[in-house]
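Novice: okay, here's the prediction I keep looking at, along with the sequence it came from:
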Amino acid sequence: MFKISKSIEDIVEKNPVLTFVFHHKLINLTKTAEFIKPLIEARAKKEVKSSAILMCLSRYQKRYEKIKVSRENYKIENINVRSDLSTITFTLEDKVLNQINDLYNKLHVEGAYIVISRGTREITLILNSEFLEMVENHVGAVPKYKKSGIAAIGINFEEKYAEIPGLLYAVMQQIRLQNINIVEVISTYTELIIYVEKDQAKLSFDTIFQSFS
(Lines give C-alpha, C1' and ligand atoms only; values in the text may rest on other atoms or scores of the structure.)
Protein backbone atom coordinates (compact mmCIF):
# COMPACT_ATOMS: atom_id res chain seq x y z
CA MET A 1 0.00 0.00 0.00
CA PHE A 2 1.39 3.40 -0.99
CA LYS A 3 2.09 5.84 1.84
CA ILE A 4 3.17 9.44 1.36
CA SER A 5 5.02 9.38 4.68
CA LYS A 6 7.14 6.39 3.65
CA SER A 7 7.98 8.02 0.30
CA ILE A 8 9.04 11.22 2.04
CA GLU A 9 11.27 9.25 4.38
CA ASP A 10 12.91 7.43 1.46
CA ILE A 11 13.41 10.61 -0.57
CA VAL A 12 14.84 12.71 2.27
CA GLU A 13 17.17 10.09 3.72
CA LYS A 14 18.68 9.29 0.32
CA ASN A 15 19.25 12.94 -0.57
CA PRO A 16 22.23 14.59 1.18
CA VAL A 17 20.89 18.09 0.53
CA LEU A 18 17.48 17.39 2.08
CA THR A 19 19.09 15.51 4.96
CA PHE A 20 21.31 18.49 5.69
CA VAL A 21 18.56 21.13 5.63
CA PHE A 22 16.14 19.00 7.67
CA HIS A 23 18.77 18.33 10.31
CA HIS A 24 19.65 22.03 10.63
CA LYS A 25 16.04 23.24 10.30
CA LEU A 26 16.85 25.34 7.24
CA ILE A 27 13.91 24.17 5.18
CA ASN A 28 10.67 25.81 4.01
CA LEU A 29 8.16 22.96 4.18
CA THR A 30 5.69 24.53 1.75
CA LYS A 31 8.38 24.99 -0.92
CA THR A 32 9.72 21.52 -0.22
CA ALA A 33 6.28 19.99 -0.68
CA GLU A 34 6.09 21.55 -4.15
CA PHE A 35 9.65 20.47 -4.93
CA ILE A 36 9.15 16.80 -4.10
CA LYS A 37 5.56 16.57 -5.40
CA PRO A 38 6.63 15.13 -8.80
CA LEU A 39 8.83 12.57 -7.01
CA ILE A 40 5.94 11.50 -4.78
CA GLU A 41 3.55 11.27 -7.72
CA ALA A 42 6.03 9.16 -9.68
CA ARG A 43 5.98 6.64 -6.83
CA ALA A 44 2.23 6.85 -6.31
CA LYS A 45 1.47 6.69 -10.06
CA LYS A 46 -1.29 9.22 -9.50
CA GLU A 47 -1.80 12.87 -8.59
CA VAL A 48 -1.12 13.76 -4.96
CA LYS A 49 -2.28 16.97 -3.30
CA SER A 50 0.41 19.36 -2.09
CA SER A 51 -1.51 19.84 1.16
CA ALA A 52 -1.24 16.11 1.91
CA ILE A 53 2.52 16.17 1.25
CA LEU A 54 2.89 19.27 3.43
CA MET A 55 1.05 17.61 6.31
CA CYS A 56 3.33 14.56 6.13
CA LEU A 57 6.42 16.75 5.86
CA SER A 58 5.38 18.62 9.00
CA ARG A 59 5.02 15.36 10.91
CA TYR A 60 8.30 14.09 9.53
CA GLN A 61 10.09 17.29 10.59
CA LYS A 62 8.94 16.85 14.18
CA ARG A 63 10.11 13.23 14.23
CA TYR A 64 13.37 14.05 12.48
CA GLU A 65 14.33 16.60 15.14
CA LYS A 66 14.63 13.74 17.62
CA ILE A 67 16.78 11.59 15.34
CA LYS A 68 20.53 11.78 15.67
CA VAL A 69 21.90 11.99 12.15
CA SER A 70 24.79 9.62 11.54
CA ARG A 71 27.53 11.02 9.35
CA GLU A 72 30.63 9.36 8.02
CA ASN A 73 33.59 10.82 9.87
CA TYR A 74 35.62 11.62 6.77
CA LYS A 75 39.31 12.23 7.22
CA ILE A 76 41.72 13.50 4.59
CA GLU A 77 45.32 12.30 4.53
CA ASN A 78 46.89 15.41 3.04
CA ILE A 79 46.00 18.82 1.70
CA ASN A 80 48.16 21.22 -0.28
CA VAL A 81 47.88 24.45 -2.23
CA ARG A 82 49.43 25.41 -5.56
CA SER A 83 49.04 28.99 -6.75
CA ASP A 84 49.89 31.14 -9.80
CA LEU A 85 47.88 28.98 -12.19
CA SER A 86 45.80 29.80 -15.25
CA THR A 87 43.05 27.98 -17.10
CA ILE A 88 42.39 28.06 -20.84
CA THR A 89 39.68 26.26 -22.82
CA PHE A 90 39.48 25.43 -26.53
CA THR A 91 36.83 23.85 -28.72
CA LEU A 92 37.76 20.20 -29.10
CA GLU A 93 39.04 19.50 -32.63
CA ASP A 94 41.54 16.94 -33.92
CA LYS A 95 44.06 19.63 -34.84
CA VAL A 96 43.77 21.32 -31.46
CA LEU A 97 44.08 17.99 -29.65
CA ASN A 98 47.24 17.08 -31.56
CA GLN A 99 48.77 20.48 -30.82
CA ILE A 100 47.97 20.18 -27.13
CA ASN A 101 49.42 16.66 -26.95
CA ASP A 102 52.61 17.93 -28.56
CA LEU A 103 52.68 20.90 -26.19
CA TYR A 104 52.17 18.67 -23.16
CA ASN A 105 55.44 16.86 -23.84
CA LYS A 106 57.32 20.15 -24.12
CA LEU A 107 55.83 21.50 -20.91
CA HIS A 108 56.58 18.23 -19.13
CA VAL A 109 60.26 18.65 -20.01
CA GLU A 110 60.09 22.18 -18.59
CA GLY A 111 58.80 20.76 -15.31
CA ALA A 112 55.52 22.64 -15.62
CA TYR A 113 52.36 21.91 -13.68
CA ILE A 114 49.75 21.00 -16.28
CA VAL A 115 46.39 19.28 -16.06
CA ILE A 116 44.24 18.51 -19.10
CA SER A 117 40.50 18.00 -18.79
CA ARG A 118 38.81 16.73 -21.94
CA GLY A 119 35.07 16.77 -22.48
CA THR A 120 32.99 15.88 -25.53
CA ARG A 121 33.11 19.38 -27.03
CA GLU A 122 35.84 21.24 -25.16
CA ILE A 123 39.31 20.72 -23.77
CA THR A 124 40.70 22.69 -20.83
CA LEU A 125 44.28 23.14 -19.68
CA ILE A 126 45.25 24.28 -16.20
CA LEU A 127 48.90 25.21 -15.89
CA ASN A 128 51.45 27.62 -14.48
CA SER A 129 50.56 31.14 -15.57
CA GLU A 130 54.07 31.67 -16.95
CA PHE A 131 53.30 29.13 -19.71
CA LEU A 132 49.93 30.56 -20.74
CA GLU A 133 51.39 32.64 -23.58
CA MET A 134 53.28 29.58 -24.80
CA VAL A 135 49.97 27.70 -25.07
CA GLU A 136 48.28 30.49 -27.00
CA ASN A 137 51.20 30.71 -29.43
CA HIS A 138 51.38 26.95 -29.95
CA VAL A 139 47.68 26.15 -30.35
CA GLY A 140 46.37 27.52 -33.62
CA ALA A 141 42.88 28.30 -32.36
CA VAL A 142 41.17 31.11 -30.49
CA PRO A 143 40.46 30.05 -26.89
CA LYS A 144 36.83 30.01 -25.78
CA TYR A 145 37.82 31.06 -22.26
CA LYS A 146 40.89 31.85 -20.22
CA LYS A 147 41.47 33.03 -16.70
CA SER A 148 44.52 33.70 -14.58
CA GLY A 149 44.89 34.03 -10.82
CA ILE A 150 43.84 30.45 -10.07
CA ALA A 151 44.90 28.28 -7.14
CA ALA A 152 44.62 24.50 -6.74
CA ILE A 153 43.56 22.89 -3.46
CA GLY A 154 44.76 19.27 -3.63
CA ILE A 155 43.16 16.77 -1.26
CA ASN A 156 44.31 13.17 -0.75
CA PHE A 157 42.14 10.62 1.05
CA GLU A 158 42.20 6.93 1.93
CA GLU A 159 41.26 4.33 -0.68
CA LYS A 160 38.29 3.13 1.39
CA TYR A 161 36.42 6.37 0.69
CA ALA A 162 36.23 5.55 -3.02
CA GLU A 163 33.56 2.98 -2.10
CA ILE A 164 31.74 5.14 0.45
CA PRO A 165 29.19 7.62 -0.95
CA GLY A 166 29.39 11.21 0.17
CA LEU A 167 33.00 12.34 0.54
CA LEU A 168 33.13 14.53 -2.58
CA TYR A 169 29.73 15.97 -1.77
CA ALA A 170 30.78 16.71 1.82
CA VAL A 171 33.88 18.62 0.67
CA MET A 172 32.00 20.57 -2.00
CA GLN A 173 29.23 21.38 0.45
CA GLN A 174 31.64 23.06 2.88
CA ILE A 175 33.17 25.10 0.06
CA ARG A 176 29.77 26.24 -1.19
CA LEU A 177 28.66 27.20 2.32
CA GLN A 178 31.57 29.69 2.30
CA ASN A 179 30.24 31.09 -1.00
CA ILE A 180 33.53 30.24 -2.72
CA ASN A 181 33.41 30.11 -6.51
CA ILE A 182 34.75 26.79 -7.82
CA VAL A 183 36.46 27.33 -11.17
CA GLU A 184 37.14 23.66 -11.93
CA VAL A 185 37.13 20.26 -10.23
CA ILE A 186 39.26 17.25 -11.18
CA SER A 187 39.48 13.94 -9.35
CA THR A 188 41.30 10.63 -9.48
CA TYR A 189 41.00 7.47 -7.39
CA THR A 190 42.21 8.98 -4.09
CA GLU A 191 42.70 12.63 -4.98
CA LEU A 192 40.39 15.60 -5.41
CA ILE A 193 41.63 18.92 -6.79
CA ILE A 194 39.45 22.00 -6.46
CA TYR A 195 40.46 25.09 -8.42
CA VAL A 196 39.42 28.44 -6.99
CA GLU A 197 40.38 32.06 -7.44
CA LYS A 198 43.64 32.79 -5.63
CA ASP A 199 42.11 35.30 -3.21
CA GLN A 200 39.82 32.52 -1.95
CA ALA A 201 42.56 29.89 -1.66
CA LYS A 202 43.33 30.46 2.02
CA LEU A 203 39.67 30.33 3.04
CA SER A 204 39.21 27.16 0.96
CA PHE A 205 42.25 25.53 2.55
CA ASP A 206 41.25 26.50 6.09
CA THR A 207 37.65 25.35 5.57
CA ILE A 208 38.64 21.91 4.31
CA PHE A 209 41.43 21.52 6.86
CA GLN A 210 39.18 22.40 9.81
CA SER A 211 36.34 20.19 8.57
CA PHE A 212 38.21 17.03 7.57
CA SER A 213 41.73 16.93 9.00
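Specialist: All right, it came through fine.
Novice: grab the nearest non-local neighbour of Leu103.
Specialist: His138 (4.9 Å; C-beta to C-beta, 6 or more residues apart in numbering). In this view, the C-beta of every residue, glycine as well, is placed from N, C-alpha and C.
Novice: and Cys56, which helix or strand is it part of?
Specialist: In this assignment (DSSP states H and E), Cys56 forms part of helix 50-64.
Novice: residues in contact with that helix?
Specialist: 4-5, 8-9, 12, 22-23, 25, 27, 29-30, 32-34, 36-37, 40 (C-beta atoms under 8 Å, 6 or more residues apart in numbering).
Novice: now the buried members of these.
Specialist: Neighbour counting with 16 or more other C-beta atoms under 10 Å marks 4, 8, 12, 22-23, 27, 29, 32-33, 36-37, 40 as buried within the contacts of helix 50-64.
Novice: what lies in contact with the helix or strand where Ala42 lies?
Specialist: Under the criterion of DSSP H and E, Ala42 resides in helix 29-44. Contact partners of helix 29-44, identified using C-beta under 8 Å, 6+ apart, comprise 2, 4, 7-8, 11, 18, 47-48, 50, 53-54, 57-58, 61.
Novice: about what we covered before: could you check how far the residue nearest to Leu103 is from Thr87?
Specialist: To Thr87, His138 is 16 Å away according to C-beta to C-beta, to the nearest Å.
Novice: thinking again about what came up before, export the contacts of helix 29-44 as a markdown table, with columns for pLDDT and distance to Asp102.
Specialist: Output for the contacts of helix 29-44, formatted as a markdown table (pLDDT from 0 to 100; distance: C-beta to C-beta, whole Å):
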| residue | pLDDT | distance to Asp102 |
| --- | --- | --- |
| Phe2 | 72 | 60 |
| Ile4 | 85 | 60 |
| Ser7 | 84 | 55 |
| Ile8 | 81 | 56 |
| Ile11 | 81 | 50 |
| Leu18 | 77 | 48 |
| Glu47 | 89 | 59 |
| Val48 | 88 | 59 |
| Ser50 | 89 | 59 |
| Ile53 | 90 | 58 |
| Leu54 | 90 | 60 |
| Leu57 | 87 | 58 |
| Ser58 | 86 | 62 |
| Gln61 | 80 | 59 |
